[in-house]
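Student: my questions concern the predicted model and sequence given below.
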Amino acid sequence: MRSARLLSLIALLFLVACSNGTTTHTAPPSSPPPIQPTSIPGTNAPLPITPQARTAAQDLATATPLAPTDPPMPTTGPTATNASTATTQPFTPSLTKLTDGGCCRNPVWHPDGTRILYTDAAPNQPLAATYAVPADASGQPAIFFPSAATVSPDGSRIAFPDFANGVTRIQEFGKQSTATIANNAAYVWFSRDGRQVAWLARAPGAQPSSNVDRLVRVWVANADGSNARSRGNTVRAADLTWFPDGQRLLFTGRDADGGNPGIYVLDINADTLTRIVDAFSPRGAHLSPDGTQIVYLAALEEKPEDNGLFVVNADGSAKRKLPLVGGVRWSPDSKSMLILPFQTDNGADQLMRIDAGTLAMMPLTDRATLPFRVAQDEWQPSPDGTRIVFNALTDSNIYVLRFSS
Amino acid sequence: MRHKIHAILRGGRPFILQLLIIGAIIAGSVFVGDAVRPTSTRVAAQANPPQFRLPFAEPPGPDTWFVSQGYGTTVWAQRNWPDLYAAGQGIHFGVDFATRCGRNVLAIGDGTVLGIDGPYGSAPHNLAIQHANGYVSMYGHLRERTTLVRVGQQVNAGDVVAHSGDPYSPTCDRAPHLHLEIRINGISGTTNPMNLIPADWDRLTLGVGAGGTNFAQDLTNPRQWVTLRDQPDIHFGGGIIVNYPTWEPNA
């Protein structure tokens, strides 16, 4: 017992020491210098051209394989190969490697479709910057904007946090003035035309559990900072998507009490909130670019037939079940969806297309001849619908997969 | 020990931290209730992890279970740590598996039942199993105080040891999930289960959302802790490690 007590005393001293601020992470500066958004996209001098497409498939093919003991993956729905109902298209897909060194996560397309944006450390500044790299690997990554930032879907504006002043700033490309949103430097979602932004502000209230989003209030403002106002009652939500009309917002969430989970539409002009999908655990809702349909994953429903990927009209009507589950995105034309299906083995990913009307599937890549793996569901279709950009599991670099001419 | 506990209660620390420290003392000192002393040491827990498996018999999928939150500096943890994860240095110090209440929970490895409803948090009920070389698996948010096993019982990987529950609702209609931790250094810290349990974790993130399976990027060190496997070990009561600027949707 004496030794046990001695051990417990040592444990106590250790815990007390740890609780006095010991940390394995360097704290950020308390007052980071204000960001000077003087670097307008495209002004960086081009660096030497280094085409890298030729080595991309080889890099992925020779990267670390998956553990041979990995268990089989979900059995819901047919496997990708078995579910194929159309022949592979004639186009030969290809991979282009854009970065080296395992640098990057959450790559997104610039709206012009020629560049990939991502956030990474910048020399001689305390906070990360936004980088751009040509989507065809015709140049090296270069700083696009001297801060983490998000570009409006129409490419007209850029928003970035000013942590020192607790605001989000919005700059219109080609203009010197900068708008200010007093929102505690929260992330903002641009409307399709870039003229409005929305954000979520935490509302007072206890957080009851993980797996339930926190209590928030939805705010909107004009991109010039004017007319900031909160909309609707408090809800539990984490993400927002603008409808193309700039009047409605889509989100997955719950009511303030944590009940009524589903997919909601908030009309910011009428200030009305409508639950268009009633689901026990809806996940990954994506609004089609034309704003007419939603694809989402329903899970943990009592009846097995109610689980899986579903497409519904934007008012919640005409619910249809897709034959596969997996990571899904809309094509820019809203006529089809791209999907990375769950596979029942540990092999490469396969990109497929699902027709939004007929639900017919077409494989866009072949797992044997063009192996690739996407990390953490981080991928996005290009604005022209011919490519995807993804973060590769095998080497943590950014790749572009072209699957159509 | 009584004097130590009184001293801690007078120490002015947050209540949850007081509970954690007291829990560590109790677990490290005597048999208390349904718990026995863990046998690990800091050195042993860092090496030679035992063979682990997933905590369910069924394959993943929308009908069965899926990963709703990974271990580490998730976006979800970034925005909720003051309410839920302050004791664990601000990160999500386990893996959340969304699943309906009542699903059989399996032992992830061979071992001995260390505690039932012990000082591990994860209400309403929990279970801890001692494994080789100082590793302890902890199963949280269980539906009921398990009667499937007893403290001191030997279990094998794959044995049914509990049933999953919902920490938010006794009727299981809000947030049913299993919270799985792998504790190290006695029970005073955790490590990433995704580095110890063979599974195709990245594929498990396909289509299930972003906040729990993406990570809040530290803008002062943007390449650190942004993948499912590159996540820090923590020790309970340590300093918050997620107080960094980040620009994530609703982080």
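Tutor: Alright, I've got the coordinates.

Student: got the residues of the stretch 101-250 of chain A near chain B?
Tutor: A:102-103, A:105-106, A:119-121, A:126-128, A:148-150, A:160-161, A:163, A:186-187, A:189, A:199-200, A:202, A:206-214, A:216, A:238-240 (C-beta under 8 Å from any C-beta of the partner chain). (C-beta placed from N, C-alpha, C; glycine too.)

Student: ChimeraX command to pick out the buried ones of the residues you listed?
Tutor: Only the buried entries of these go into this ChimeraX selection, using 16 or more other C-beta atoms under 10 Å in any protein chain shown:
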select /A:103,105,106,119,120,121,127,128,148,149,150,160,161,163,186,187,189,199,200,202,207,208,209,210,211,212,213,214,216,238,239,240
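
Student: now, which of the residues of the stretch 101-250 of chain A next to chain B lie within strands?
Tutor: Among those, the members found in strands (DSSP state E) are A:Thr119, A:Asp120, A:Thr150, A:Phe160, A:Pro161, A:Trp189, A:Trp199, A:Leu200, A:Arg202, A:Val216.

Student: how far away is the closest residue in space to the third one that isn't next to it in sequence from A:Asn106?
Tutor: Excluding the flanking residues, the one nearest A:Thr150 by C-beta to C-beta, 6 or more residues apart in numbering or on different chains is A:Ala159, at 5.3 Å. Taking C-beta to C-beta, to the nearest Å as the measure, A:Ala159 falls 16 Å from A:Asn106.

Student: cool, A:Phe372 as well?
Tutor: 17 Å.

Student: quick one on the thing from earlier: just send the ones in strands among the residues of the stretch 101-250 of chain A next to chain B back as CSV, with pLDDT too.
Tutor: As requested, those are arranged in CSV below (pLDDT from 0 to 100):
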residue, pLDDT
A:Thr119, 96
A:Asp120, 96
A:Thr150, 97
A:Phe160, 98
A:Pro161, 97
A:Trp189, 98
A:Trp199, 97
A:Leu200, 95
A:Arg202, 91
A:Val216, 94
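
Student: and those, which is closest to A:Ile143?
Tutor: A:Asp120 (9.1 Å; C-beta to C-beta).

Student: hmm, that closest one is touching A:Ala129, no?
Tutor: Yes: A:Asp120 is in contact with A:Ala129 according to C-beta atoms under 8 Å; the separation is 7.0 Å.

Student: you'd agree A:Ser281 is up against A:Gly262?
Tutor: No: in this structure, A:Ser281 is not within contact of A:Gly262 by C-beta under 8 Å, at 9.9 Å.

Student: report the mean per-residue pLDDT for the helix or strand containing B:Gly115.
Tutor: Per DSSP states H and E, B:Gly115 falls inside strand B:111-116. For strand B:111-116, mean pLDDT rounds to 98.

Student: and the helix or strand just after that strand, which strands flank it?
Tutor: Next in sequence after strand B:111-116, counting helices and strands by DSSP H and E, comes strand B:127-130. Here strand B:127-130 is paired, per DSSP bridges, with strand B:111-116 (antiparallel), strand B:136-140 (antiparallel).

Student: hang on, the earlier thing: tell me which two in the ones in strands among the residues of the stretch 101-250 of chain A next to chain B are the farthest apart.
Tutor: Among these, A:Asp120 and A:Val216 lie farthest apart (C-beta to C-beta), at 29.1 Å.

Student: in the stretch 1-150 of chain B, which spans are helices?
Tutor: Ranges of helices within the stretch 1-150 of chain B are B:2-9, B:15-29, B:42-45, B:75-84, based on DSSP state H, counting those that start in this stretch.

Student: please name the nearest non-neighbouring residue to B:Ala123.
Tutor: Using C-beta to C-beta, 6+ apart and skipping residues adjacent in sequence, the residue nearest B:Ala123 is B:Pro167, 5.7 Å away.

Student: how many neighbours does that neighbour have?
Tutor: 23 (other C-beta atoms under 10 Å in any protein chain shown).

Student: tell me where chain B is predicted with low confidence.
Tutor: For chain B, the stretches flagged by pLDDT under 70 are B:1-46, B:250-251.

Student: and the lengthiest strand in it, anywhere near chain A?
Tutor: The longest strand of chain B (DSSP E) is strand B:177-184. Yes: under the criterion of C-beta under 8 Å from any C-beta, chain A is reached by strand B:177-184 at B:His177, B:His179.

Student: angle of that strand against strand B:136-140?
Tutor: For strand B:177-184 against strand B:136-140, the angle by axes from the mean of the first three to the mean of the last three C-alpha atoms, to 10 degrees is 160 degrees.

Student: strand B:177-184: what's the following helix or strand?
Tutor: Downstream of strand B:177-184 (by DSSP H and E), the next one is strand B:189-191.

Student: do that next one and chain A meet?
Tutor: No: Strand B:189-191 is not in contact with chain A by C-beta under 8 Å from any C-beta; minimum separation 9.3 Å.
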